[in-house]
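*Asks:* model this:
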Amino acid sequence: MESDNNTNAVYGHNVLEFVTVGIEYCAFLEKSQGRPRQDFLSTLLKLLPLLYIKAQLLPAVDSDGNFLPQGKVTEDDYDYIRRTVYDILGNDDQYLEMSYENDMETDEAQWRSISEHLADVYQPVRNFLAIYQDGIEDCMRDALWAVRDEFELYWGEALVSALKRLHRIVYQANEN
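*Replies:* A predicted model of the protein is given here:
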């Protein structure tokens, strides 16, 4: 019975909503080349919080890894997204951020990149969507497990970092 719940989870309301927002996010980035900067920023400030919320609501499913699919996003795809975002943001793409290294118990400033953050979010979401679209339930379940796990470990934080910086770009620019 538990495996039926895991299989049915891939068609659950929260997964379908994540799919919907994920499609919007990926399509938006894929079609952003040459997009006006203000439109780009305004849309991302709306999409990123939605994507974060929908990722948080994804159900926990079990995975034995037998059907863990290969990534569909190529290095060229990743670079295209990164370059497109960089071209729109220009000098605002990179920023200095303080980070705390737990292992060494030190604070240190590191250069970060919004374009890399957004590409780092794009990659696992797009990989999930490609596998979900194939409709093979065992693969869909493992892809759901993978995208949720990657959200918790990495891309959720990348999304929040990008959102924070984009917020600053939009609202500090409006103050001047």
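
*Asks:* okay, strands next: where are they in the chain?
*Replies:* Taking DSSP state E as the test, the strands found in the chain are 94-101, 106-113.

*Asks:* now those as TSV including mean neighbour count, mean pLDDT and distance to Gly12?
*Replies:* (Each C-beta comes from the backbone N, C-alpha and C, glycine too.) Formatted as TSV, the strands of the chain follow (neighbours: other CB atoms under 10 Å; pLDDT from 0 to 100; distance: least, CB to CB, whole Å):
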stretch	mean neighbour count	mean pLDDT	distance to Gly12
strand 94-101	12	78	35
strand 106-113	11	82	34
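
*Asks:* Leu41 touches Val170, doesn't it?
*Replies:* Yes. Contact between Leu41 and Val170 holds when scored by CB atoms under 8 Å: they sit 5.2 Å apart.

*Asks:* who's more crowded, these two?
*Replies:* Of the pair Leu41 and Val170, Leu41 is the one with more neighbours under other CB atoms under 10 Å, namely 18 against 15.

*Asks:* wait, what's in contact with the more buried one?
*Replies:* When contacts are counted by CB atoms under 8 Å, 6 or more residues apart in numbering, Leu41 touches 166, 169-170.

*Asks:* just the local confidence number for it, please.
*Replies:* Looking at Leu41, its pLDDT stands at 98.

*Asks:* can you check Asn8 too?
*Replies:* Here the pLDDT value assigned to Asn8 is 84.

*Asks:* ditto for Gln70
*Replies:* Here, the pLDDT recorded for Gln70 equals 79.

*Asks:* give me the number of residues near it?
*Replies:* 8.

*Asks:* now it: phi and psi?
*Replies:* The phi/psi pair for Gln70 (degrees, to the nearest 10) reads phi -70, psi 150.

*Asks:* any stretches of the protein with poor pLDDT?
*Replies:* Scanning the chain for pLDDT under 70 picks out 1-7, 100-106, 173-176.

*Asks:* for the spatially most central residue of it, give its distance to Asn66.
*Replies:* Geometric centre of the chain, nearest residue: Val121, 2.4 Å, by CA atoms, centre = their mean. For Val121, the distance to Asn66 (CB to CB, to the nearest Å) stands at 27 Å.

*Asks:* no further questions, thank you.
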